[in-house]
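# Let's see this in three dimensions:
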Amino acid sequence: MTPADLRAAGRALHGDSWQPGLRHDLRISDISLRRWLAGYCEVPDGVERDVIELLAARQVERILDIIGATGANANGIALVVYHSDYDLWKISGDEWSAQFHGRMVGRMIDALRAESITVRTVPIDARDYFRWLDGRQNSPSARAEYAAVHAAPYAN
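This is a model prediction of the structure:
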């Protein structure tokens with residue numbers, strides 16, 4: 001986990017004033033967080049796992065809420081994965097790396113399958129995605145539509 005991944009994850013979890021919230025979630029000191037963010041030492045693997053778990057749990061909760069509210073999931077769900085950092089940053093605007101995002105998606109897949117939800121991934125790259133949009137607005141709902149349209153037959 002890079003300092004940029006940690007910073008982006010903190011913002012995703014707690015907004016602009018994310019450091020106190022993330023320190024509380026992870027039960028870490030201010031000095032440890034500052035050292036990781038400055039790159040003085042590597043973010044421990046256990047911290048990365050905990051951060052991924054927090055992010056994945058939040059996303060899985062949202063997905064389960066949508067399924068519960070709409071009855072969606074008749075054929076399972078599709079999650080987008082990015083080919084590269086460029087693709088992720090250009091399409092989603094998220095600040096973390098494609099590798100970090102991929103690990104988070106992997107944890108989400110495990111959690112959703114534990115709920116008996118069929119999940120598949122849809123690789124996405126910026127060139128193909130923006131061609132597919134054909135002038136329409138890029139948004140989370142557009143990415144969800146792209147995933148649904150481009151998803152291969154379900155295989156768990």
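
# Show me the shaky parts of the chain.
Along the chain, segments meeting pLDDT under 70 span 73-75, 152-156.

# Tell me which stretches of it form helices.
Remark: helices assigned in the chain by DSSP state H are 3-14, 19-26, 30-38, 45-70, 85-91, 98-114, 126-133, 140-150.

# which residues touch the last one?
Helix 140-150 is contacted from outside by 78-80, 91-92, 122, 124, 129, 132-133, 136, using CB atoms under 8 Å, 6 or more residues apart in numbering. Just so you know, the C-beta spots here come from the backbone N, C-alpha and C atoms, and that holds for glycine as well.

# That helix: which residues count as buried?
143-144, 146-147 (16 or more other CB atoms under 10 Å).

# got it, and stretch 11-19?
Here stretch 11-19 shows 11-12, 14, 18-19 as buried, counting by 16+ other CB under 10 Å.

# One more: stretch 39-59?
Applying a neighbour-count criterion of 16+ other CB under 10 Å, one finds 43, 47-48, 50-52, 54-56, 59 buried in stretch 39-59.

# now swap in stretch 83-102 and tell me
Here stretch 83-102 shows 85, 87-92, 94-98, 100-101 as buried, counting by 16+ other CB under 10 Å.
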